[in-house]
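A.B. asks: dropping a prediction and its sequence here:
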Amino acid sequence: MMNRNLAITFLFSCLLLATHGCKKENEHTDVTLINHINTPITFDIYGSKDDYNEGKNRIMRKVLQYNEVLVMTKEELPANKTYYADWYDDNHFYNNWFNDASKPERAFVAFTTTPGKNTFYIEPDTKGNAKTVFLDKTGTSTNWKAVDAFQGSAATTYVSVWNDLTENERVHEVSVRKDFTALYSYLDTLGTPNTKTYEFKVHNADMGYIELLNSNGSYLQAGSLPVSTKPGYVSTSTDSIMALLPTSDYYFMLVKQK
């Protein structure tokens, strides 16, 4: 028969194990979000890149206050899976619409729930008006059409050359999409329609500014309105942009299509 003192010791040991050691070790799978921006931030999470690009099938939406630390468990976000985040303030000035391949420090769209590496920060230097300019209210795309063309520079003056262009040379349209690709459509000198797809980089800047990649010095920039008198070529417009396009040396004024 078991000694009484030994039995009490054994029972006490089992109680300790039940409350401490018998539990599985912490797997460090909880996902932690920390908001360092002095304004509430909305954080949308999608389960696939396509859902993120199209703004559909959102898994969850969280709103984080300044300095709030939000913890999501493995039941909410299972481990070892890649998710896609879309976060922004009420004005979408602070946002994470930046390419993962050329992003500001600690900005992210895709994130993988890797045990032990699950703390993600929302930083105040991740900002810019590109999202407001180049994505519509659904947050997925915008379309732009050329209405004028200019030559010159900010150092001198911009002069319109629109009336000197042929009808074919005036046809330029750009569709900017959330997935960091732009469809550029134009007519060649014979009037043949052409469409090319360009990846683009979103710049971390106050002025909405994206740069087409795989082309020499091409960009789309919001709020620049070249006129004959400098320095009045800058405005805060989000419906008109100046674009240096791959097929021309002119600066085209593109207007957002409603």
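C.D. replies: Cool, got the structure.
A.B. asks: so where's the longest strand in the chain?
C.D. replies: strand 141-152 (DSSP state E).
A.B. asks: contacting residues around it?
C.D. replies: 133-136, 158-162, 165, 170-178, 220, 226, 241-243, 248-257 (C-beta atoms under 8 Å, 6 or more residues apart in numbering). All C-beta spots, glycine's among them, are computed from the backbone N, C-alpha and C.
A.B. asks: sketch out the helices for the protein, chain order is fine.
C.D. replies: 4-16, 49-54, 130-134 (DSSP state H).
A.B. asks: what packs against the shortest one?
C.D. replies: Judged by 3 or more C-beta pairs under 8 Å, 6 or more residues apart in numbering; DSSP states H and E, the packing partners of helix 130-134 are strand 209-212, strand 219-222.
A.B. asks: save these as JSON lines, and put in mean neighbour count too.
C.D. replies: Output for the helices and strands packed on helix 130-134, formatted as JSON lines (neighbours: other C-beta atoms under 10 Å):
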{"stretch": "strand 209-212", "mean neighbour count": "22"}
{"stretch": "strand 219-222", "mean neighbour count": "22"}
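A.B. asks: which ones are touching the residue nearest to T114 when sequence neighbours are not counted?
C.D. replies: Spatially, and ignoring its direct neighbours in sequence, T114 is nearest to N80 (6.9 Å; C-beta to C-beta, 6 or more residues apart in numbering). Applying C-beta under 8 Å, 6+ apart, we find N80 in contact with T112, T113, T114, P115.
A.B. asks: which residues does the second one contact?
C.D. replies: Contacts for T113 were tallied using C-beta under 8 Å, 6+ apart; they are T29, V31, K74, L77, P78, A79, N80, K81, Y83.
A.B. asks: and the buried ones among these, selectable in ChimeraX?
C.D. replies: To isolate the buried ones among the contacts of T113 in ChimeraX, judged by 16 or more other C-beta atoms under 10 Å, type:
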select :29,31,74,77,79,83
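A.B. asks: which of the contacts of T113 scores worst on pLDDT?
C.D. replies: For the contacts of T113, the model is least confident at T29; its pLDDT is 76.
A.B. asks: from what I can see it touches K74, true?
C.D. replies: Yes - contact status for T29 versus K74: in contact at 4.0 Å, counting by C-beta atoms under 8 Å.
A.B. asks: next step: the contacts of T113 restricted to strands.
C.D. replies: V31, Y83.
A.B. asks: could I get the contacts of T113 as JSON lines with distance to N57?
C.D. replies: Below are these laid out as JSON lines (distance: C-beta to C-beta, whole Å):
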{"residue": "T29", "distance to N57": "23"}
{"residue": "V31", "distance to N57": "19"}
{"residue": "K74", "distance to N57": "20"}
{"residue": "L77", "distance to N57": "15"}
{"residue": "P78", "distance to N57": "16"}
{"residue": "A79", "distance to N57": "20"}
{"residue": "N80", "distance to N57": "20"}
{"residue": "K81", "distance to N57": "15"}
{"residue": "Y83", "distance to N57": "12"}
